[in-house]
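Undergrad: let's see this in three dimensions:
(2 chains)
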Amino acid sequence: MTQRRDYEDIPGTYVYDAARGRIGYALNTFCMSLNKADNRARFKADEAGYLDRFKLTPEQRRCVLERDWLGMLKVGGNIYYTIKIAFCDGLTFQDVAGMMSGVSKDAYAQMMLAGGRSPDGNRYKVSVDPASGADTDGGGGSAHG
Amino acid sequence: MARIIAGIACSHVPAIGVAMDKGKTDTPYWAPLFAGYGPAREWVAAQKPDVAIVVYNDHASAFSLELIPTFTIGVAAEFPIADEGFGPRPVPTVIGHPELAWHLAESLILDEFDMTIANEMPVDHGLTVPLSVTCGQPAAWPFPVIPLCVNVVQYPPPTGLRCFKLGRAIARAVASFAPDLKVLVYGTGGMSHQLQGERAGLINRQFDTAFLDGLSRDPAALTRLTHTEYMREAGSEGVELVMWHVMRGALGDRVTEVYRHYHVPASNTAAAVMILENRSAA
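TA: Predicted coordinates for the structure are as follows:
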């Protein structure tokens, strides 16, 4: 039986499921290597050369080199792994969360101090065109569609 | 005979550990959160547990995607502090309790829970932050710890109901261990938070409050929450709350809630600590 993926209509969310697991292994394995201080130093010294050790797709490679945090999620990055690149850069989880949600560091910090992002209006993708069935908000997180 | 005296539900945000390690707990940002840990710390110190079972998840520290066990029990004599990408936390090595851990491993497997057994396992903030906030900064942790690691990094994690049943099996296993030990069970992670995507920063105070109430009074109803409900209502990483069901299942039906504290924000997360004393015979 095929699994029901009824979480795919949650907006702005990239669940690390089987579909992403199938494309993300090499990218996340690179991230895992950054748990070792020696590897962090090698990566910082020669990022492109270090990435040659892993079988990344060109798009995965671009996302890493350009620190496209949202892009990494779309090509199979798992946030618990990709955050290790951010740690290498001296960034925090909150810095990266702000960048992924497209607001400034201060605006994100203020949102959190005010109680965080409300679930109201954020439970479902903005609109689903009943004719095509395609989501139209463009900000979704489906790796399956 | 060993007995489970209580359960502690506790969030395990990495930034909370960093705040302690860097001496920032008195800053205006962190002081309100840490004020809430004081009474929990006093309670733990007064109870003097002999051993703790800490249910937590690894964050790409001990386990990579190479091998993804759903439930792992650590049976080692000690567990080193993991380097998660910014150097190991400056906290004491975690001392294990191999005798009880092996008893649990054998009992749980024969009770139909197919545990992975870890003889070597570095532990990350998922385990050490709850110890730090409830024990402070001692030169050595005040009790040995049995790490019980749950996969929540690769979807799907085990269901809440499965976790609850594992807790029940832990209760049976502890009750069949002859030495007279006071056992404390931690359920860690949560509460509402989302670390990824355009929806990062989601917090749902209403959901969290209902979850705390339910854990205390009607845990069976909470075990019916689906993964999608956790992710939609409590954020994609809010699904970590399934781990709290292991703790709650280990307590039996009758508990007394003796302490609760809830604070937003701890970095991206709603952080809670709650203590439930066990009133049930195993």
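
Undergrad: for stretch B:216-234, buried residues please.
TA: Of all the residues in stretch B:216-234, those buried under the rule 16 or more other C-beta atoms under 10 Å in any protein chain shown are B:216, B:219, B:222-223, B:225, B:227-234. For glycine as for every other residue, the C-beta is placed from the backbone atoms N, C-alpha and C.

Undergrad: alpha carbons of that stretch, in CSV - could you do that?
TA: The C-alpha trace of stretch B:216-234 is given here as CSV (Å, rounded to 0.1, in the frame of the first residue of the first chain):
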residue,chain,number,x,y,z
SER,B,216,-1.2,14.9,32.7
ARG,B,217,-4.9,13.8,32.7
ASP,B,218,-5.8,11.8,29.6
PRO,B,219,-2.7,10.5,27.9
ALA,B,220,-4.5,7.7,26.0
ALA,B,221,-6.4,10.3,24.0
LEU,B,222,-3.2,12.1,23.0
THR,B,223,-1.7,8.9,21.6
ARG,B,224,-4.3,9.2,18.7
LEU,B,225,-2.7,12.3,17.3
THR,B,226,-1.3,11.6,13.8
HIS,B,227,2.1,12.8,12.6
THR,B,228,0.4,15.1,10.2
GLU,B,229,-1.6,16.7,13.1
TYR,B,230,1.7,17.3,15.0
MET,B,231,3.4,18.8,12.0
ARG,B,232,0.5,21.0,11.0
GLU,B,233,-0.4,22.2,14.5
ALA,B,234,2.9,22.1,16.3
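
Undergrad: what's next to it, contact-wise?
TA: A:6-7, A:10, A:13, A:15, A:119, A:123, B:155-157, B:159-161, B:163-164, B:190-193, B:202, B:204, B:207-208, B:211, B:214-215, B:238-239, B:241-242, B:245, B:248-249, B:255, B:257, B:274, B:276 (C-beta atoms under 8 Å, 6 or more residues apart in numbering or on different chains).

Undergrad: of those, keep whichever come out buried.
TA: Applying 16+ other C-beta under 10 Å to the contacts of stretch B:216-234 flags A:7, A:10, A:13, A:15, A:119, B:155-157, B:159-161, B:163-164, B:190-193, B:202, B:204, B:207-208, B:211, B:214-215, B:238-239, B:241-242, B:245, B:248-249, B:255, B:274, B:276 as buried.

Undergrad: next step: those restricted to strands.
TA: B:255, B:274, B:276 (DSSP state E).

Undergrad: hey, where'd the strands end up in the chain?
TA: The chain I'm using is chain A. Going by DSSP E, chain A shows no strands.

Undergrad: should've been chain B
TA: B:3-10, B:51-56, B:71-74, B:78-79, B:94-95, B:116-118, B:145-150, B:182-188, B:255-266, B:269-278.

Undergrad: adjacent strands (with direction) for the first one?
TA: To tie it back to what came earlier, the one meant is strand B:3-10. strand B:182-188 (parallel), strand B:269-278 (antiparallel) (DSSP bridges).

Undergrad: so that strand versus strand B:255-266, what angle?
TA: On the basis of axes from the mean of the first three to the mean of the last three C-alpha atoms, to 10 degrees, strand B:3-10 is oriented at 20 degrees to strand B:255-266.
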